[in-house]
Every structure is written in C-alpha cells, then in structure tokens.
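[1] here is a sequence with its predicted model. Questions after.
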Amino acid sequence: KVLNVQAKHTQNLVLSANNIGSRPSMHKVVVDGYDDGILFENCTNAIIDGNILSDLRYGSADQGGAVTLLNARNVRVSDCQIIHPHFRGIHLINGVACVFSDNTIEGAGEDFQTAIEVSGESKSNLVQQNLIIADAAKSITMQENTGTRVGNTIVAGK
C-alpha cells in the first residue's frame, strides 16, 4: 500500500503542521495498492502534532485508521483535526506510554468503526481532552488495562 506517511523503526520523529488529505481518485489508476493514511511501526519518542487529516482511508474493519501506530512507545498525537476517516481516526496496536490529546475527530460513513481505538498488548496509555463528533458507541474503544481516558467530549455526529 502507498501511504501519505510511513515510518518504521524510527526514534525522535516529529510530524507537525501538515495538511494531508486523500489524493484524487485519478491516482488510484496510476498507483497500484494506493491508500491514504499515516503508519508508524516500531517507532519511539515521536510526535504527530497540529496536522489536518481529511478523508484518509487506510485500514480495514479489523484494524488501522487515519493514524495507525503499531508497536509504538512514547508517541503523542495531539492538536490534530482528523476529519472523516474511513475506518478509525487513531488506532494504537501494542503501544506503550502513548498519549492522544486535544484532537478533534469527526467520524462518518457506514464503514466508520471508532474515533480512537487502543488494542492488543497496549498498556499505560492516555486518551484525554479530545473532541469526538460521532455516535457515542463509536467514540473511544479501549481494551481492558490498556490505559486511561479522561476529559474527552463526545457529541453526536451529523
């Protein structure tokens, strides 16, 4: 799959102040396996901050989202606008000590699963002060003992 941003085995990475949207449908013809999203795999001490992410389609009904963090440690996603992700706004899989704070995530569409999901062998994570515009059942999904959520605001979607 061709993603907007993909990082593997990195440390001290900052992705800040970008406007990343889905590419026009004509690119699907040109690029085989095209998909839009941000994927950090096995990354440590990273920040994704102050970005506008629109209509990103990465993932599936089972896993993945506009921002997907796989085996991440000390990664912070904050102050982002994540608008109409196809499956999830943020998905953390097997992450430790990650923080999702002060984001606005607006979910829509029949394939939309949840705004923020924390799953797998994740632990010690924090989901705080996010504005989530979606049905309450599709707001935050955290498996037991994966972290804490506090102060998030959930409002009904359109």
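    That came in fine, so what should we check first? Keep in mind the model is a prediction, meaning the values are calculated, not measured.
[2] any stretches of the protein with poor pLDDT?
    Scanning the chain for pLDDT under 70 picks out 1, 24-34, 158.
[3] can you give me the helices in it?
    Taking DSSP state H to define them, one finds helices in the chain at 26-30.
[4] and the residue nearest the centre of it, how far is that from Ala108?
    A centroid search over the chain (CA atoms, centre = their mean) returns Ile90, at 2.0 Å, as the residue closest to the centre. As for Ile90, its distance to Ala108 is 16 Å (criterion: CB to CB, to the nearest Å). Placement of C-beta: from N, CA and C, glycine included.
[5] residue contacts, the residue nearest to the centre of the chain?
    Applying CB atoms under 8 Å, 6 or more residues apart in numbering to Ile90 gives the contacts 65-69, 77, 82, 100, 103, 105, 115-117.
[6] for PyMOL, what selects the buried ones among these?
    Listed next is the PyMOL selection for buried residues among those, using 16 or more other CB atoms under 10 Å:
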select buried, resi 65+66+67+68+69+77+82+100+103+105+115+116+117
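[7] how about the contacts of Ile90 in CSV, adding distance to Gly59?
    Formatted as CSV, those follow (distance: CB to CB, whole Å):
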residue, distance to Gly59
Gly65, 5
Ala66, 8
Val67, 10
Thr68, 6
Leu69, 12
Val77, 15
Ile82, 13
Phe100, 16
Asn103, 17
Ile105, 14
Ala115, 13
Ile116, 13
Glu117, 10
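[8] among the contacts of Ile90, name the ones in strands.
    Counted as lying in strands by DSSP state E, out of the contacts of Ile90, are Val67, Thr68, Leu69, Val77, Ile82, Phe100, Ile105, Ala115, Ile116, Glu117.
[9] nearest to Ile133, of these?
    Closest approach between the ones in strands among the contacts of Ile90 and Ile133, by CB to CB: Ile105, at 7.1 Å.
[10] check contacts around that closest one.
    Ile82, Ile83, Pro85, Gly89, Ile90, Ala115, Ile116, Asn130, Leu131, Ile132, Ile133, Ala134.
[11] can you count the residues close to the fourth one?
    Meaning Gly89. Neighbour count for Gly89, taken as other CB atoms under 10 Å: 32.
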